[in-house]
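# structure of the sequence below:
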Amino acid sequence: MCNPVNMQSDKSSKQMAPSALARYTCLSILMAVFGVWHKLTFLPEEEGTPCLDFPLHSYKVPLALTASYLISLPLLNKFVSTFLAPRYDMKSLLFESMVFYNVAQVCMNVWMVWRFVDAVANRGHPFIGSTDAVGSGTTFAIWVHYTNKYLEFLDTYFMVLRGKMEQVSFLHVYHHTTIAWAWWAALSLFPGGDSYFGALLNSMIHVMMYSYYALALFKIPCPWKRFLTQAQLVQFTSVILYSIACISLWGDKRGWKEVTCIAIQVFEMSSLFVLFALFYKKKYTKKSSKKEEDECSKAMGAISSSAKEGLSTMAKETSKIVKSANNIVGTSSKSSTKCM
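Next comes the predicted model:
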């Protein structure tokens, strides 16, 4: 009879350990992607900022990129499962690339947090209540934040390449697709003033998130892992409340563009809050149920052990009683024979 464990072992043994050349070729390709992104994104600020000093690209860019993203996922999954996964250890092949990607994301998001905080703390950008403040550099940081949303598609590609399709959930794909459109709309309609706040909070969350991913690659425990989803829920709630406050504070300064932008942002944050809350409930309710089952199993095991010990003791005592009774009966029979 076939042993499924041995079959799995045979399958793993057929996978080739990637060479250093293969691993660093993957890393080089990723660095080239980052190089192209950097060249297109980090335009000289003194020459102007997109959507302020010259028009932002049209809707055709997010349409083409998000459509390509959605179409490419099943195609890549088919290619990986057919040609790559049976032959190569994808986790080892992509290790250096994933370390570079996550560390680079941490650095970029730290930079964005610093730009936003510096603008509010040192450059006179209002914390809330402005529709037209654009001279502090926040718009350029929002532009970088927006273009990084396309770079974050690599989150999903790494999951597919490693065969982690269970992680490519509706929540994951919806989040990556719609957030790119939301930030394109923000830059198109409302590139200054209070539009920085959502990007600031999202960058702070991403510092935590990509730090966790980088630590996990080296199997280093992350102290804030269990709080990540909670922090994201706080982020969504904070942005919604901030947006509602903005509408109230702007008064007559608000126009249709600002109101449309706020409506898009509130819808995006609300939908993500619902999806993340359902994910959080499912994940931690399942863990709680499993823990209760484990405790119940331990209790039943203890009861079973106690019952076995009790039955064993009773059997021994019964055996002793029967033996004593047999001895008494035997003695009585001998006495009766002598008397006769």
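# how about Leu70: what's its closest non-neighbour residue?
Leaving aside its chain neighbours, Leu70 sits nearest to Thr177 (6.6 Å; criterion: CB to CB, 6 or more residues apart in numbering). Where C-beta positions appear, they are placed from N, C-alpha and C, glycine not excepted.
# ok, residues contacting the helix or strand hosting the one you found?
Using DSSP states H and E, Thr177 sits in helix 170-189. Contact with helix 170-189 is made by 50-51, 56, 59, 61-62, 65-66, 69-70, 73, 139, 142-143, 145-146, 149-150, 152-153, 155-156, 159, 195, 198-199, 257-258, 260-261, 264-265, 268, 271-272, 275-276, 279, as judged by CB atoms under 8 Å, 6 or more residues apart in numbering.
# neighbours of Leu43, how many?
Leu43: 16 surrounding residues under other CB atoms under 10 Å.
# contacts only, for it.
Going by CB under 8 Å, 6+ apart, Leu43 touches Thr49, Pro50.
# which regions of the stretch 1-150 of the chain lie under the pLDDT threshold?
Of all residues in the stretch 1-150 of the chain, those with pLDDT under 70 make up the ranges 1-13.
# so which residues of it form helices?
Taking DSSP state H, counting those that start in this stretch as the criterion, the stretch 1-150 of the chain contains helices spanning 4-14, 20-41, 60-79, 90-93, 95-122, 138-151.
# give me whichever of those helices is most buried.
Scoring the helices of the stretch 1-150 of the chain by mean neighbour count under mean count of other CB atoms under 10 Å gives helix 138-151 as the most buried, with a mean of 23.
# name the residues that touch the helix or strand just after that one?
Downstream of helix 138-151, the next assigned helix or strand under DSSP H and E is helix 153-161. The contact list for helix 153-161 (CB under 8 Å, 6+ apart) reads 30, 33, 65, 69, 73, 76-77, 80, 84, 90, 94, 97-98, 101, 165, 167-168, 172-173, 176.
# can you check stretch 54-73 too?
48, 50, 150, 153, 156, 160, 168, 173, 176-177, 180-181, 184, 187-188.
# with stretch 27-37 instead?
Identification of contacts with stretch 27-37 by CB under 8 Å, 6+ apart yields Glu96, Ser97, Phe100, Tyr101, Ala104, Thr147, Tyr150, Leu151, Leu154.
# and the spatially most central residue of the chain, what is it in contact with?
For the chain, Met209 is the residue whose C-alpha lies nearest the centre (CA atoms, centre = their mean; 7.2 Å). Applying CB under 8 Å, 6+ apart to Met209 gives the contacts Leu228.
# can you tell me the helix or strand for it?
helix 196-217.
# quick one: mean pLDDT for that helix?
On average, the pLDDT along helix 196-217 is 98.
# so which bits of it are buried?
Residues 196-215 are the ones in helix 196-217 that count as buried (16 or more other CB atoms under 10 Å).
# what number of residues lie near the closest residue in space to Gln167 that isn't next to it in sequence?
Distances taken as CB to CB, 6+ apart place Met159 nearest to Gln167, at 4.8 Å, with adjacent residues excluded. By other CB under 10 Å, 18 other residues sit near Met159.
# ok, Met159 to Val99 distance?
From Met159 over to Val99 the distance is 16 Å, taken as CB to CB, to the nearest Å.
# just to revisit the earlier point, where does the helix holding Thr177 sit relative to the chain's centre, distance-wise?
Counting by CA atoms, centre = their mean, to the nearest Å, helix 170-189 is centred 17 Å from the centre of its parent chain.
# now do stretch 244-253
Computed by CA atoms, centre = their mean, the chain-centroid distance of stretch 244-253 equals 34 Å.
# what residues does that stretch touch?
Here stretch 244-253 has contacts from Ile128, Gly129, Thr131, Asp132, Asp194, Arg254, Glu258, Val259, Ile262, Val266, using CB under 8 Å, 6+ apart.
# next up, the contacts around the closest residue to the first one other than its chain neighbours.
Using CB to CB, 6+ apart and skipping the chain neighbours, the partner closest in space to Ile128 is Asp194 (5.8 Å). Contact criterion CB under 8 Å, 6+ apart gives Pro126, Ile128, Gly129, Ser130, Thr131, Tyr242, Cys246 as the residues in contact with Asp194.
# ok, Lys149 next?
Going by CB under 8 Å, 6+ apart, Lys149 touches His176, Ile179, Ala180, Trp183.
# if we use 10 Å, what do you get?
Each residue near Lys149 by CB atoms under 10 Å, 6 or more residues apart in numbering is listed here: 62, 65-66, 176-184, 202.
# same check on Lys91?
Neighbouring residues of Lys91 by CB under 10 Å, 6+ apart: Gln15, Pro18, Met98, Leu161, Arg162, Gly163, Lys164, Leu217.
# quick one: buried ones out of these?
Buried members of those, scored by 16+ other CB under 10 Å, are Gln15, Pro18, Met98, Leu161, Arg162.
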